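J.: The following block contains a protein sequence and its predicted model.
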Amino acid sequence: MGRIKVAIVGVGNCTSSLVQGIYYYRQNKDVEPIGLMHTEIGGFKAGDVDIVAAYDIDKRKVGQDVNQAIFAEPNCTIVFCGDLPDCGVKVKMGCVLDGFSEHMANYEDKYTFLLADAQEPTKAEVIKTLRETGAEVLMNYLPVGSEEATRFYAECALEAGVAFVNNIPVFIASDPVWARRFEEKNIPIIGDDIKAQLGATITHRTLMDLFRKRGVKIERTYQLNTGGNSDFLNMLNRDRLASKKESKTEAVQAVTKNRLEDENIHVGPSDHVPWQKDNKVCFIRMEGKLFGDVPMNLEMRLSVEDSPNSAGVAIDSIRCAKLALQRGIGGVIHAPSAYFCKHPPIQITDDEAYRMTESFIKGDKTEIAFLPNKKAIVKEDKRRIAAASDE
């Protein structure tokens with residue numbers, strides 16, 4: 001089936017887990033894979049991905065071979081496939097813009113941000129690199145809150161004709177103006193804000209859906225998260241958290257029977273605990289009423305390695321984007337976006353998103369025509385496009 005050529009923006013912990021995973025499953029291709037949602041998608045296996053370009057702005061990574069840069073500080077994720085051979089691709093200096101929070105430049109331990117002393121690329125230079133390397137999919141792994149930087153690379157993907165997978169909570173796929181631009185150029189986009197394989201949000205959504213199906217009236221809930229990686233350190237700057245909180249909150253609200261009032265739901269990052277490193281601890285509490293208005297509550301603690309938890313989903317996103325390219329499908333790829341992301345253009349239950357994604361992989365016609373509330377969605381998109389045009 002050939003290979004899938006991928007370019008990456010942001011060589012952090014998530015990229016480290018993704019690259020390690022590519023080699024891990026490539027080396028173990030003859031063994032029944034463990035931990036993958038899909039062993040094969042469209043004939044492509046997890047090891048059939050090649051990194052052909054990468055961008056970062058930390059001096060410990062810029063100029064290094066990608067396979068060595070993924071182990072440089074401040075990366076701290078678990079190493080499950082180390083001692084990688086050089087891949088021959090050097091990390092290039094990226095465009096800074098709002099791609100880091102200034103407080104990280106003065107932090108007192110190894111998470112201190114060290115800006116590379118190198119010239120930032122122009123948009124034309126990034127586009128040229130994407131074209132010359134033959135990149136087919138561009139993965140956005142910038143820090144939360146990188147609004148301007150994400151738009152910069154989304155523009156590059158559009159101009160270079162490269163599929164865009166938006167793994168962070170900056171709204172591109174779920175912004176109808178951007179979505180229409182990708183559709184007009186017939187370029188696939190999957191987004192926004194990647195769900196972990198089995199993380200806080202997908203677990204919270206599953207529990208909320210269970211309450212709904214079992215007739216439990218949910219009255220209030222919270223999801224609190226702590227972690228020690230640079231992502232959690234970045235999010236100590238609350239000014240960068242607006243889209244993250246919206247993304248996570250709407251992912252949970254979308255599966256409730258009735259929307260909760262704002263004061264009755266809290267979903268979002270809570271604090272940076274350095275010694276946790278890439279381990280993320282989630283606390284979920286749900287309060288409700290059972291038969292006869294009898295009160296009940298549920299409390300749960302989930303501990304996961306944060307970055308490997310997203311890497312398998314990322315590999316599926318890459319392969320689905322490749323399928324869309326092969327099939328000549330552009331614009332938002334709705335089924336994978338709903339299944340793989342917290343803030344897709346259209347929120348549906350995970351069971352339905354799973355069914356639709358399986359149909360998409362098989363080549364069935366599963367896109368927007370089969371989604372619920374299509375008329376309301378189209379009407380809202382037109383309203384938002386008109387409002388954006390007025391601005």
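T.: Sure, I can see it. Numbering: from 1, shown residues only.
J.: which helix of the protein spans the most residues?
T.: Ordering each helix of the chain by length in residues (DSSP state H) puts helix 308-327 first.
J.: buried sites along it?
T.: Neighbour counts using 16 or more other Cβ atoms under 10 Å place 308-325 of helix 308-327 among the buried residues. For every residue, glycine as well, the C-beta is placed using N, CA and C.
J.: From the contact counts, what lies against that helix?
T.: If you count contacts as 3 or more Cβ pairs under 8 Å, 6 or more residues apart in numbering; DSSP states H and E, helix 308-327 packs onto strand 4-9, helix 13-27, strand 40-41, strand 137-140, strand 163-166, strand 188-190, helix 334-340, helix 350-362.
J.: after the fourth one, next one along is what?
T.: When you say that, I think you mean strand 137-140. The helix or strand immediately downstream of strand 137-140 is helix 147-160, counting by DSSP states H and E.
J.: Now do that next one: distance to the chain's middle.
T.: Helix 147-160 has its C-alpha centroid displaced from the chain centroid by 16 Å (Cα atoms, centre = their mean, to the nearest Å).
J.: Same check on stretch 184-204?
T.: Worked out by Cα atoms, centre = their mean, stretch 184-204 lies 5 Å from the chain centre.
J.: Just the CA atoms of that stretch, as CSV, please.
T.: Extracted as CSV, the C-alpha positions of stretch 184-204 are listed here (Å, rounded to 0.1, in the frame of the first residue of the first chain):
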residue,chain,number,x,y,z
GLU,A,184,-13.4,24.7,-1.6
LYS,A,185,-9.8,23.5,-2.1
ASN,A,186,-10.9,19.8,-1.6
ILE,A,187,-8.3,19.3,1.1
PRO,A,188,-9.3,17.0,4.1
ILE,A,189,-9.3,18.3,7.7
ILE,A,190,-9.9,16.4,10.9
GLY,A,191,-10.4,18.2,14.2
ASP,A,192,-10.5,19.8,16.6
ASP,A,193,-8.7,18.8,19.9
ILE,A,194,-7.8,15.1,20.0
LYS,A,195,-9.5,12.8,22.4
ALA,A,196,-7.3,10.3,24.2
GLN,A,197,-7.7,6.6,23.6
LEU,A,198,-9.0,6.2,27.1
GLY,A,199,-8.7,9.6,28.8
ALA,A,200,-10.7,12.0,31.0
THR,A,201,-13.1,13.3,28.4
ILE,A,202,-14.0,10.1,26.7
THR,A,203,-14.5,8.4,30.1
HIS,A,204,-16.6,11.4,31.3
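J.: quick one: buried residues of that stretch?
T.: For stretch 184-204, by 16+ other Cβ under 10 Å, it's 187-197, 199-204.
J.: where does this structure have low pLDDT?
T.: Residue ranges of the chain with pLDDT under 70: 1, 30-31, 108, 365-391.
J.: Please pick out the residue of it most distant from its centre.
T.: The centre of the chain is farthest from one residue, G292, which by Cα atoms, centre = their mean lies 41.2 Å away.
J.: and the gap between that one and G215?
T.: G292 is 12 Å from G215, where distance means Cβ to Cβ, to the nearest Å.
J.: Name the residues that touch stretch 18-31?
T.: The contact list for stretch 18-31 (Cβ atoms under 8 Å, 6 or more residues apart in numbering) reads 8, 33, 36, 45-49, 51, 66-67, 70, 79-82, 84, 139, 308, 311-312, 314-315.
J.: Quick one: buried ones out of these?
T.: Judged by 16+ other Cβ under 10 Å, buried ones among the contacts of stretch 18-31: 8, 33, 36, 45-49, 51, 66-67, 70, 81, 84, 139, 308, 311-312, 314-315.
J.: Assumed R220 was part of a strand.
T.: Yes - counting by DSSP: H, G, I helix; E, B strand; the rest coil, R220 is located in a strand.
J.: Near it, how many residues? Count them for me, please.
T.: Neighbourhood size, R220 [other Cβ atoms under 10 Å]: 15.
J.: And T357, by the same measure?
T.: For T357, the neighbour count with other Cβ under 10 Å is 24.
J.: ok, now the one 4 residues further on?
T.: I361 has 19 neighbours, counted by other Cβ under 10 Å.
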